[in-house]
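>>> coords below, sequence missing:
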């Protein structure tokens, strides 16, 4: 054997040992746990084809490549986005049933008295991103600006109808807060998801749509945005006014992933680490940008604390707006 062949064998052996060492370290870190061994189900709290559904499916595909197992999306709309979480909370705590969590999950139990207590009833895994909300109308609507829209609503109490995902949703709460500040009265019309809301707007069933601005349809000249609700002006339409500029309000809702209470901490870590890697997937990040969403990472510990704080704060908001049952 010549010295080059011997050196090559030594290098290959060293590489093999390194790989084996990494594998052993990973196995030791999981304490011999093998997860997942079958597909994972991830509930989407809104209808298929909407912004949430599109974003969750992109994340699920990226995570599936990391897991080596499928991540199956099941749409479970209802209760302002809280139904999916409530269904997931009743599943076996083995890590195979999860739900996307919109912020309406923290508010809905205070409105319906369902007995569902999100901070206590769920294992909080990771926060992933956040919605950028706003209000949009049809491109042929008579209102070219937010001021014109509000002026019309003041002159026509109760006549303006807007689409939202339901009572207690972030969109409903924000529109109520604006109504109080402007002393106007408009009518919420609840739908199960973005597709239904935009269909209603396009057909004239409602006058406005409160939700993530449909940027692609706005660009196509179908809808017109009047205002955004984020901390800063959106890069897509930087001249649009924001709620913060006018009212000092911000309505940007983080969303993440949780499962039933009692999931093994080792499995929670595997889920967290895998979805954290999936957040860096190019297709997922491009999807967020296209939908007008923003990355908003929280670790398991941070997300658990956020859930407790937000649930308590939501109770005060519900009481202030008179939404208690």
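Arrived safely. Computed from a predicted structure; not experimentally measured.

>>> where is the longest strand in this structure?
The longest strand of the chain (DSSP state E) is strand 122-130.

>>> list the neighbouring strands of the next helix or strand after that strand plus their orientation.
Sequence-wise, the next helix or strand downstream of strand 122-130 (DSSP states H and E) is strand 134-138. Sheet pairing for strand 134-138, assigned by DSSP bridges, gives strand 208-211 (antiparallel), strand 223-228 (antiparallel).

>>> now do the last one, average pLDDT.
Per-residue pLDDT over strand 223-228 has a mean of 96.

>>> how about the first one?
In this model, strand 208-211 has an average pLDDT of 95.

>>> enumerate every residue touching the closest residue to residue 133 other than its chain neighbours.
In space, residue 133 comes closest to residue 229 once its chain neighbours are excluded; the distance is 4.2 Å by CB to CB, 6 or more residues apart in numbering. Yep, even glycine has a C-beta here, placed from its N, CA and C like the rest. By CB atoms under 8 Å, 6 or more residues apart in numbering, the contact set of residue 229 is 132, 133, 134, 135, 174, 242, 243, 249, 250, 251, 252.

>>> so what's the second one up against?
With contacts taken as CB under 8 Å, 6+ apart, residue 133 has the following neighbours: 170-171, 174, 210-213, 228-230, 251-253.

>>> could you do the last one as well?
Under the criterion of CB under 8 Å, 6+ apart, the neighbours of residue 252 are 130, 131, 132, 133, 229, 230, 231, 294.

>>> can you tell me the SS state at it?
coil (DSSP: H, G, I helix; E, B strand; the rest coil).

>>> and it, what's its pLDDT?
With respect to pLDDT, residue 252 has a value of 74.

>>> count of residues packed around the closest residue in space to residue 296 that isn't next to it in sequence?
Residue nearest to residue 296 in three dimensions, not counting chain neighbours: residue 130, with 4.0 Å by CB to CB, 6+ apart. Residues near residue 130, counting by other CB atoms under 10 Å, number 18.
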